[in-house]
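Undergrad: what's the 3D shape of this:
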Amino acid sequence: MDRPSVRIILVEPAGELNVGAVARVMKNFGCQELILVQPRCNWLGEMAQRMAVHAPEILTQARVVPDLTTALSGCHRAVATLGRTPPGEPLKQVLPWLLAGTEPVALVFGSEERGLTWAELQLTQRRVTLPTSPDYHSLNLAQAVGICLYEIYQYQQECLPTKPAPVAHSVPLELLEDYLRDLEDLLLNVGYLHPHTRQRRIAKIRQILHRAAPSATELALLRGMIRQIRWALGREP
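TA: Below you'll find the predicted structure:
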């Protein structure tokens, strides 16, 4: 059975050892695609290579991109990892949704120091929190990646062969963001959105869109509505 490729995205990783350890645990669980968003360390350095052990190719093939939007290009589903405040969903609860299709998916991890910003979280559809002891809940970056990949590996081994292939296919996340930019521009022009509140309102619309998971045909229908409204407003010839 075809399985979705899982993309590991590290946003502004600061620890060379951490990135090397992430590469190693990715190879442990058969995950090959690593993307670094504005890394603040030398991911090809001696310490990173030493921590990667038998996975140097994951480091050398890692892609470096300027922002999370670029890192998510081509993915159809994306999950962000959160700390305990506010807590996200349990990972096991999210896996049936994340791994339901065959299109690429992503796990997004924030920097060791600050995690993920509100704006970065908006680019993902769901958020998870790994349960830990209240005595010390902070996980090392590589440990968090390892736990997530272990759960995914177990789920794929035990559950996916018994699940039917999905009928509907979602669209890549960047196409949803393109649509949202067009919609935001239109709603600003007709006065439904205002500059000082547009981010929060668009965030709510984004949540609705992510829950709906429109197909390519459905998204084309929504974009056609925007074009027709613009034409009616005299913005297009």
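
Undergrad: what residues are up against residue 147?
TA: Listed by Cβ atoms under 8 Å, 6 or more residues apart in numbering, the contact set of residue 147 reads 91, 130, 139. The way it works is simple: take the backbone N, C-alpha and C, and place the C-beta from them, glycine included.

Undergrad: after the helix or strand where it lies, next one along is what?
TA: Using DSSP states H and E, residue 147 sits in helix 141-158. Downstream of helix 141-158, the next assigned helix or strand under DSSP H and E is helix 173-190.

Undergrad: can you give me how far that following helix is from the chain middle?
TA: When C-alpha coordinates are averaged (Cα atoms, centre = their mean, to the nearest Å), helix 173-190 and its chain have centres 19 Å apart.

Undergrad: Which helix or strand lies directly C-terminal to that helix?
TA: helix 198-212.

Undergrad: Tell me the buried residues in the next helix or strand after that next one?
TA: Along the chain past helix 198-212, the next helix or strand (assigned with DSSP H and E) turns out to be helix 216-232. For helix 216-232, burial by neighbour count (16 or more other Cβ atoms under 10 Å) applies to 219, 230.

Undergrad: start to end distance for stretch 44-61?
TA: Stretch 44-61 stretches 10 Å from its first residue to its last (Cα to Cα, to the nearest Å).

Undergrad: Next, the buried residues of that stretch.
TA: Residues of stretch 44-61 classed as buried: 44, 48-49, 51-52, 55-56, 58-59 (neighbour count, 16+ other Cβ under 10 Å).

Undergrad: Give me the subset of these lying in helices.
TA: Those of the buried residues of stretch 44-61 mapping onto helices are 48-49, 51-52, 56, 58-59, per DSSP state H.

Undergrad: For residue 220, state which of these is nearest.
TA: Closest approach to residue 220 among those (Cβ to Cβ): residue 58, at 36.7 Å.

Undergrad: And the pLDDT at the closest one?
TA: If you check residue 58, the pLDDT there is 96.

Undergrad: Would you map out the domains in this structure?
TA: The record's domain split for the chain, according to automatic domain parsing, is 6-162, 173-232.

Undergrad: related to what we said a few turns ago, rebuild the ones in helices among the buried residues of stretch 44-61 as CSV, extending it with distance to residue 214.
TA: Formatted as CSV, these follow (distance: Cβ to Cβ, whole Å):
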residue, distance to residue 214
48, 40
49, 43
51, 41
52, 39
56, 40
58, 33
59, 37
